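1. Show me the folded form of this:
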Amino acid sequence: MEWEGNEGMRMNRYASIVLALFVASLASKAGAEDYQLLTGLNAGMAPGAARQVFPSGPPSIIPGSFNDGDRLAGTSDASAAPYLGTGTPLLSPNQYGSLSFLFRRGSIPAGSAGQQPVLNVDYLGGPLLDLDGDMGNGSRRLTPLAGQTPVEIPGTFSTVGLNLDTAGGSIGLTNFDATATNQGFPGFGPNIAVTVNTLAGTQPNGTLGSAINPGIDTRQGALSLFAPGVYQVSNLGYEIWHDSIDPTSSTAATLGTFQYLGSLRGWVIERDGNGDFPTLAGLGLGTTLWPLVNTANVGQMYAQSSGMPPFVSITNGPTADQFSAPGNGGLPLSDFGGDLGAYLDNVVLPLVDPLSQRVVYLESAGFGMNNSFDPVFGDTTGYDMVLVAQSPPIPEPATLGMILLSAVFVRRGRRCAVPRG
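-> Below you'll find the predicted structure:
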């Protein structure tokens, strides 16, 4: 009888634990989670059809070809995104069909012809990379090693870490860890076409660090209820570091070759008690930022991640190629009547894992810096970002409860099967 009494007490304790976990799952709201960047749409495609953008001049002679379009995946103006460099990259441009992008405006010196505009698009998403090429050494490296081929880490996702406090009305940026691809550049090798992207201050072994430009990279923003299941995000400050897997780069030993800075705005969409997302079309979400070019930080000084000088001033591009001139900053959304909510309904939400409780759309017209000797991209405006991500899939509450209850009874069966003397 004593054995049965002790076993009964244990069972009550296990049942209490299960009940607490089950109730917590039912009541669970947002918290700190690593949101997975969505992929699986228009692999190998750019978000826009190629269009000509002329430099502001004078002279205004040689146009650049931009394929950023409305800066959204899955709309009607997509076009092919072939690899442009030499050799074969580790990953092909937009191999995984990204919905998240980095846009970086540059300008090619063209002698007496002035400048030629250029725009680089990086496609964010897919498995994370280990740049030491060794999956069995118990560590991960984010800077390249000569003679080592980076490897994808099975079962991983590119993520943005977010801490949502719906009660307190705030949102925090806790991490950023993403693989990206791009089209490369004519005459250059394949290693510049694949990049790792991290939160500013991250160390080569993945250890997180502090902001080096805390006035911009606040990692905090506002979160306000807009409608049932819809929260508006504003003023979420960030700095993202962007580095190629090229071991011959002048900045290969450190992270932060390119620095993307700005303030994110956007939306968090949450399922209701029935597991359904709200209908967003016509709800008043408005449209995207584009073709906005943010010049608010031009002339201000910011800290570089490495190299000299320690602080640099942001410009609006070369005198003959001003980045805020018409034609820059992408195109306005024209599909779905320009309604971002309708775009999310029709393109994004169908891609979300049924076990993901939330999806986020974030965008920023920002600025950035280049710490390499690259003459094309500088310390300028025109470093922009779009992020579309889902919360990590978890079992729905009923399923989770059944799993936990099953575990209790399995454990009880094992205990009962072994007499204790």
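
2. what about the strands in the stretch 251-400 of the chain?
-> Under the criterion DSSP state E, counting those that start in this stretch, the stretch 251-400 of the chain contains strands at 258-270, 301-303, 311-313, 358-370, 380-390.

3. just the stretch 51-200 of the chain next, same as before
-> Along the stretch 51-200 of the chain, counting by DSSP E, counting those that start in this stretch, strands occupy 51-53, 64-66, 79-80, 100-109, 115-124, 129-130, 151-152, 159-165, 170-181, 194-199.

4. Can I get the ones you listed in a markdown table including mean neighbour count?
-> Every residue, glycine included, has its C-beta placed from N, CA and C. Formatted as a markdown table, the strands of the stretch 51-200 of the chain follow (neighbours: other Cβ atoms under 10 Å):
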| stretch | mean neighbour count |
| --- | --- |
| strand 51-53 | 16 |
| strand 64-66 | 19 |
| strand 79-80 | 14 |
| strand 100-109 | 23 |
| strand 115-124 | 25 |
| strand 129-130 | 24 |
| strand 151-152 | 16 |
| strand 159-165 | 21 |
| strand 170-181 | 23 |
| strand 194-199 | 25 |
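
5. What are the boundaries of the helices in the stretch 1-150 of the chain?
-> Shown for the stretch 1-150 of the chain, the helices assigned by DSSP state H, counting those that start in this stretch span residues 2-27.

6. Low-confidence regions, it specifically.
-> For the stretch 1-150 of the chain, the stretches flagged by pLDDT under 70 are 1-30.

7. and with 90 instead?
-> For the stretch 1-150 of the chain, residues meeting the criterion pLDDT under 90 lie at 1-31, 135-136, 138.

8. quick one: contacts for Ser76?
-> Asp335 (Cβ atoms under 8 Å, 6 or more residues apart in numbering).

9. swap that for Met135, please
-> By Cβ under 8 Å, 6+ apart, the contact list for Met135 reads 151, 153.

10. For stretch 348-360, measure first residue to last.
-> In stretch 348-360, first residue to last residue: 10 Å (Cα to Cα, to the nearest Å).

11. what comes into contact with that stretch?
-> 28, 30, 35-36, 38, 40-41, 74, 99, 160, 162, 164, 233, 266-271, 275, 277, 280, 344, 361, 387-396.

12. which parts of that stretch are buried?
-> Residues of stretch 348-360 classed as buried: 348-349, 351-352, 356-360 (neighbour count, 16 or more other Cβ atoms under 10 Å).

13. ok, now stretch 217-230?
-> Using 16+ other Cβ under 10 Å as the test for burial, stretch 217-230 gives 217-219, 221, 223, 226, 229-230.

14. Now render those residues as TSV, adding pLDDT, secondary structure and distance to Asn182.
-> Shown next, in TSV, are the buried residues of stretch 217-230 (pLDDT from 0 to 100; DSSP: H, G, I helix; E, B strand; the rest coil; distance: Cβ to Cβ, whole Å):
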residue	pLDDT	secondary structure	distance to Asn182
Asp217	99	coil	23
Thr218	99	coil	28
Arg219	99	coil	26
Gly221	99	strand	28
Leu223	99	strand	32
Phe226	99	strand	34
Gly229	98	coil	35
Val230	99	strand	33
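
15. closest to Gly169 among those residues?
-> Leu223 (5.6 Å; Cβ to Cβ).

16. nearest spatial neighbour of the closest one, skipping sequence neighbours?
-> Once flanking residues are discounted, Leu223 sits nearest to Ile171: 4.3 Å by Cβ to Cβ, 6 or more residues apart in numbering.

17. With Ala110 instead?
-> Closest residue to Ala110 apart from its sequence neighbours, by Cβ to Cβ, 6+ apart: Gln116 at 5.1 Å.

18. could you pull out the helices for the stretch 301-421 of the chain?
-> Going by DSSP H, counting those that start in this stretch, the stretch 301-421 of the chain shows helices at 340-343, 397-416.

19. list the contacts for Thr181?
-> Thr181 makes contacts with 89, 91-95, 122-123, 126, 193-195, as judged by Cβ under 8 Å, 6+ apart.

20. quick one on the thing from earlier: distance to Leu331 for the strands of the stretch 51-200 of the chain - can I get that in TSV?
-> Listed next are the strands of the stretch 51-200 of the chain as TSV, based on distance: least, Cβ to Cβ, whole Å:
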stretch	distance to Leu331
strand 51-53	8
strand 64-66	9
strand 79-80	13
strand 100-109	12
strand 115-124	12
strand 129-130	31
strand 151-152	33
strand 159-165	25
strand 170-181	22
strand 194-199	24
